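>>> Provided below are the primary sequence and the corresponding predicted coordinates.
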Amino acid sequence: MEVEKESEIWYAMRATYRRELDAMRLLEKEKLGCFIPMQYKISVKKGKKVRVLMPVIHNLVFVHACPSEVKRVKSQINYLQYITDTRSGQKIIIPDNDMQRFIAVAGTYNDHLLYFQPDELNLFKGTRVRIIGGDFEGQEGLFLKVKGARDRRVVIEIQGVIAVAMATIHPDLIEVIE
């Protein structure tokens, strides 16, 4: 009898009541891959300003594992839930290359990154581009105007979940993808 090998996939999940960091610790203890977009924020502790690494969007956790592993861990962590597509009701599964691109940018914890909910941006107005130099060389995304920025930015989107706009990139470092 041959057992079919499940492949690992990326799930967009929600850890209710701001318990995303607890969920991440438990997932790492179970040796499952996970990613939480984080950014440094200034907070006041005992009267002093300190830079603290905090989740960009509370409750959001990306989990990289086989479906059976996610099901097993989910049964132990009752506050971990799948994020579903509002139209189809299906669990949101993110392609590996999209997730790698997103992690390459969001994983820098750069202060100049801007995060958006998918409905905050009109991605249809964007131009598909590739970055050909600098810190984000090789990344692809959409070049468009985003609110909160004076100039156009390259945006990488995880469909239906989150989008990240990079820091300003010099036009010489951007090529249009036909």
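Received it, and whenever you're ready, just let me know what you need. Numbering: from 1, shown residues only.
>>> from here on, contacts and neighbour counts on C-alpha atoms
Noted.
>>> so where is the protein shaky, pLDDT-wise?
1-4 (pLDDT under 70).
>>> show me where it has helices.
In the chain, helices defined by DSSP state H lie at 20-29, 67-76, 96-106, listed in chain order.
>>> which strands and helices lie in contact with the last one?
Based on contacts counted as 3 or more C-alpha pairs under 8 Å, 6 or more residues apart in numbering; DSSP states H and E, the elements that helix 96-106 packs against are strand 9-15, strand 152-158.
>>> tell me which of those sits most buried.
Stretch with highest mean neighbour count among these: strand 152-158 (a mean of 23; mean count of other C-alpha atoms under 10 Å).
>>> so which of the helices and strands packed on helix 96-106 comes closest to Ala167?
strand 152-158 (6.9 Å; C-alpha to C-alpha).
>>> coming back round to it: okay, the helices of the chain in CSV with distance to Lys49 next?
As requested, the helices of the chain are exported to CSV (distance: least, C-alpha to C-alpha, whole Å):
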stretch, distance to Lys49
helix 20-29, 22
helix 67-76, 37
helix 96-106, 24
